[in-house]
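Engineer: Give me a model of this one.
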Amino acid sequence: MRKELLDAGVGQVRGFWYRRLNCNVQHTQHRTVWQSALLVLLFAALMGAAQVQAQTLAPAEKASADKPSTPADPYPRSTPRALATGLVAAFAVSDYDRAAHYLEGDDNKRKAALARQLHQLLDSRGTLLPFAALSNEIGGLPGDGLPGDQERIGAIKSPIGDLPLIARNVATGNDAPRWVISAQTLALVAKQAPQPAAPVLADKLPEALSETHVGGASIADWLIVLGLAVATFAAIRLLFSLLLRGLRAAIPQPRKNRAYQFIHVASPPLSLYLSVIACFVVTQSVQVAIVARQTLLRYAGIVGWIALAWFLWRLIDLLAALWSQRMARSDRRRALSALVFGRRTAKTVLVVVALVAVLDTLGVDVTTGIAALGIGGLALALGAQKTIENLVGSVTVIADQPVRVGDFCKVGDVVGTVEDIGMRSTRIRTNERTVVTIPNGVFSSQQIENYSRRDRFLFNPTIGLTYDADSALMRRVLEGIRQVLEDDENVASGARVRFVHFGAHSLDIEIFAYLQSFDHGLSLGMREEVLLKIMDKIADLGGSIAFPTQTVLLKRP
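Structural biologist: Numbering: from 1, shown residues only. You can find the predicted model right below:
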């Protein structure tokens, strides 16, 4: 039955993509060949997978029928991070019967009493590792000096030193992983005083705030941890402000100083990031509820990732600005497009990494999501052909550098100045001041004429003299024009001036020379000046420039 369903699914996929490719043939015939080849490979892969699944499905079903299924663990404790999160969640609602399931042993009544005592110890003089520091691997964190089935998740202060909180994987055989607080740790907890060894810091605040609980901790505890977070950020921000003020007083031109620019750009996000680290350190020693501390540290980790991404984002902009200035000074405008593309790529990667880190801190299983990308990768590639084509085209344009930002060029029928070379398209400002956006896949395949790469401008006018000029006057005019071109410093050497043919209305003289200029506007001024000199020379020699005329001869019979 399952094999038939798989075959039916393959048939539906085959029919869908056949109809899609058949429609595309009507529009773009040249893409049919490689799309068909890709479709054949897709069918082969799907049918191969269906065949493998059909061959292995029956044995797998038989094996699963013979072997009794392992009941799912109702408590999230498959990793040390899940253990610590579930334990804190049970403490938040004072459900010590539930918390007992996160402790090793068989006596639930005794474990519930130990859970209550562990909660009191953690509130007064204990710590748990921050959420991001807890291992989220089923096998724990390797290389920590502990056996493979053990993991350190916190500590409790005692007169004889810090007592480590050890988590242990008690699953055996093919059972699902179950991390619990080890029996050795519970034996040490049982020997500690059942009450806090020192008064909790929240007890020093008004009694109403200490007795009112929200989210598993008193309002006093929440005020303390939030106050610490705000105070650390304000203190660090003040230090950066004083540092910037001191640098402005000590440096003559602080805006041009690299150290001042870096501190000025980095101070807002770096203050936020350092305050998160300070919260991690300070909250380890304050006497507030462990629920409030762990919640603060968990969401402070999200703030820390955002602050780090913010810092790197501003650092990328700063480095790009500095490199742009250096390229402008050295007239390396060719690398400007690559710099823009690299900056955007770095920012995109930064946002993706920060988003994955934030989702992981929130408890979202990003590993499953990343693995799902491989399953949908083929469909995405087929559905985003043009996008991938434009991305490859942008890489080609950046690497080959046929044009750069600021170049005046002609692409196909479009003439204008390149304003931006992006990851998907290139924007060109035309002479009519409109903006034409060309996809990079099309742009890279067009014939591109870059006018900005010219080292000189062609000067090739044709000047016609009237037919009343004799050969002697023509020789004097030719010699005079040659002398004008030779004396002009803006005309490259090797200019040619020749009497080329008898025209319909004039005696034509062709000039072939180059104007030494990189700028189109300057070349127009040079061209104008040379033409005026030629006019003056022809007039001085007694010649006349022709214009279209007709002479009619009437004869009597």
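Engineer: Which per-residue confidence value corresponds to the nearest residue to D400 once chain neighbours are set aside?
Structural biologist: Closest residue in space to D400, ignoring its immediate chain neighbours: S444 at 7.7 Å, by Cβ to Cβ, 6 or more residues apart in numbering. Where C-beta positions appear, they are placed from N, C-alpha and C, glycine not excepted. On the pLDDT scale, S444 is placed at 85.
Engineer: when you give positions from now on, start the count at 749
Structural biologist: In the new count, where the first residue is 749, that last one comes out as S1192.
Engineer: Look up how far T833 lies from S1192.
Structural biologist: 50 Å (Cβ to Cβ, to the nearest Å).
Engineer: and if you look at K1134?
Structural biologist: K1134 sits 44 Å away from T833, going by Cβ to Cβ.
Engineer: Settle it for me: which of these two has more neighbours?
Structural biologist: T833 (20 against 12; other Cβ atoms under 10 Å).
Engineer: if I read this right, the more buried one contacts R825, doesn't it?
Structural biologist: No: checked against Cβ atoms under 8 Å, the pair T833 and R825 is beyond contact range at 9.2 Å.
Engineer: who does the helix ranked longest in the chain touch, helix- and strand-wise?
Structural biologist: The longest helix of the chain (DSSP state H) is helix 1038-1077. Applying 3 or more Cβ pairs under 8 Å, 6 or more residues apart in numbering; DSSP states H and E, we find helix 1038-1077 packed against helix 828-840, helix 856-873, strand 874-876, strand 965-966, helix 967-998, helix 1006-1030, helix 1084-1109.
Engineer: mind running it again at 7 Å?
Structural biologist: If you count contacts as 3 or more Cβ pairs under 7 Å, 6 or more residues apart in numbering; DSSP states H and E, helix 1038-1077 packs onto helix 828-840, strand 874-876, helix 967-998, helix 1006-1030, helix 1084-1109.
Engineer: Could you report the neighbour count for L1279?
Structural biologist: For L1279, using other Cβ under 10 Å, the count is 15.
Engineer: Next one: the spatially most central residue of the chain from M1222, what distance?
Structural biologist: For the chain, the residue nearest the mean C-alpha position is T1096 (0.9 Å; Cα atoms, centre = their mean). Going from T1096 to M1222 by Cβ to Cβ gives 68 Å.
Engineer: before we move on, what about E1180?
Structural biologist: Taking Cβ to Cβ, one finds E1180 at 44 Å from M1222.
Engineer: Those two: who's more crowded?
Structural biologist: Between E1180 and M1222, M1222 has the larger neighbour count (other Cβ under 10 Å), namely 16 against 8.
Engineer: Could you look up the SS state of I1259?
Structural biologist: strand (DSSP: H, G, I helix; E, B strand; the rest coil).
Engineer: could you list every residue that touches it?
Structural biologist: By Cβ atoms under 7 Å, 6 or more residues apart in numbering, I1259 lies in contact with F1207, N1208, P1209, I1211, I1229, V1245.
Engineer: nearest residue to the second one other than its sequence neighbours?
Structural biologist: Right, the one you point to is N1208. F1260 is the one closest to N1208 (Cβ to Cβ, 6+ apart), at 5.5 Å.
Engineer: Look at that neighbour and say how many residues are nearby.
Structural biologist: 13.
Engineer: dump the residue contacts of it.
Structural biologist: Applying Cβ under 7 Å, 6+ apart, one finds that F1260 lies in contact with N1208, A1243, R1244.
Engineer: Just the buried ones from these?
Structural biologist: Neighbour counting by 16 or more other Cβ atoms under 10 Å classes A1243 among those as buried.
Engineer: secondary structure element for the closest residue to L866 other than its chain neighbours?
Structural biologist: The shortest distance from L866 to any non-neighbouring residue, by Cβ to Cβ, 6+ apart, is to V937 (5.3 Å). Assigned by DSSP states H and E, V937 falls within helix 931-938.
Engineer: worst-scoring helix or strand of the chain, pLDDT-wise?
Structural biologist: helix 780-814 (a mean of 40; mean pLDDT, DSSP states H and E).
Engineer: before we move on, back to that, dump the residue contacts of the residue nearest to L866.
Structural biologist: By Cβ under 7 Å, 6+ apart, the contact set of V937 is L862, Q865, L866, L869.
Engineer: would you turn the helices and strands packed on helix 1038-1077 into CSV with distance to M1283?
Structural biologist: Formatted as CSV, these follow (distance: least, Cβ to Cβ, whole Å):
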stretch, distance to M1283
helix 828-840, 88
strand 874-876, 92
helix 967-998, 62
helix 1006-1030, 56
helix 1084-1109, 42
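Engineer: pLDDT weak spots in the stretch 899-1048 of the chain?
Structural biologist: Along the stretch 899-1048 of the chain, segments meeting pLDDT under 70 span 921, 941-959.
Engineer: again, only this time at 50
Structural biologist: Low-confidence segments of the stretch 899-1048 of the chain, defined by pLDDT under 50: 943-947.
Engineer: And for L877, the neighbour number?
Structural biologist: So L877, with other Cβ under 10 Å, has 21 neighbours.
Engineer: Give me the phi and psi angles of it.
Structural biologist: Here is the backbone geometry of L877 (degrees, to the nearest 10): phi -60, psi 150.
Engineer: Just give the closest residue to P1002, not the sequence neighbours.
Structural biologist: That would be Y1008: by Cβ to Cβ, 6+ apart, it lies 4.2 Å from P1002.
Engineer: repeat for L882
Structural biologist: Setting aside the residues directly before and after it, L882 is nearest to R829 in space (Cβ to Cβ, 6+ apart), at 3.9 Å.
Engineer: Show the contacting residues for L831.
Structural biologist: R825, Y850, I901, A915, W927, V928 are the contacts of L831 under Cβ under 7 Å, 6+ apart.
Engineer: how about a cut-off of 6 Å?
Structural biologist: Residues near L831 by Cβ atoms under 6 Å, 6 or more residues apart in numbering: R825, Y850, A915, W927.
Engineer: what's the answer for I1064, then?
Structural biologist: R1091, A1094.
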